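[1] Sequence and predicted structure below; questions after.
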Amino acid sequence: GVLSPHDYRRFSLKYIHQIIESVSPHAPVIIFPKGAWFALDELSRTKVSAIGIDWCIDPVQARAFAGNRVTLQGNLDPAKLLAPGEIIEKETREMIRAFGSQRYIANLGHGILPNVPVDHARIFVDTVKSYDEP
């Protein structure tokens, strides 16, 4: 998330490709290219099983870049778990609806913040588990 697209391709992408090629014959590979929305199309064409998406890209746009070639995972902003419960539920349902239920894993767009109340994390998980397509 700190490299320009040019520098990302120069200093990071070739190593990500090496990791995917080395690991994918032995296990599913999920990568998390934080802030590298511009590489989603290229990464979705590798042997990766899923791509974690941060909250800095719209789900519809992420799906457009990656197509239906790969499972996407994410992308609720972890700070939203500090909001009231009804907001967490609303934002979570909107996220799932935007990604679609096929080739998608609901998750945060990065790790959980240490000050998130356990009950708020539980609201997120329960909302995901109870989601029913409209």
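    Received it, and whenever you're ready, just let me know what you need.
[2] Which residues does the longest helix along the chain contact?
    Under DSSP state H, the helix in the chain containing the largest number of residues is helix 85-99. Contacts to helix 85-99, defined as C-beta atoms under 8 Å, 6 or more residues apart in numbering, come from residues 58-60, 62-63, 72, 75-76, 80-81, 83, 104, 106, 119-120, 123-124, 127-128, 131, 134. In this view, the C-beta of every residue, glycine as well, is placed from N, C-alpha and C.
[3] same thing but at 7 Å, please
    With contacts defined as C-beta atoms under 7 Å, 6 or more residues apart in numbering, helix 85-99 is touched by 59-60, 63, 72, 75-76, 80-81, 106, 120, 123-124, 127-128, 131, 134.
[4] In PyMOL, how would I select the buried members of those residues?
    One line in PyMOL is enough to select the buried ones among those; burial here means 16 or more other C-beta atoms under 10 Å:
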select buried, resi 59+63+72+75+76+80+81+106+120+123+124+127+128+131
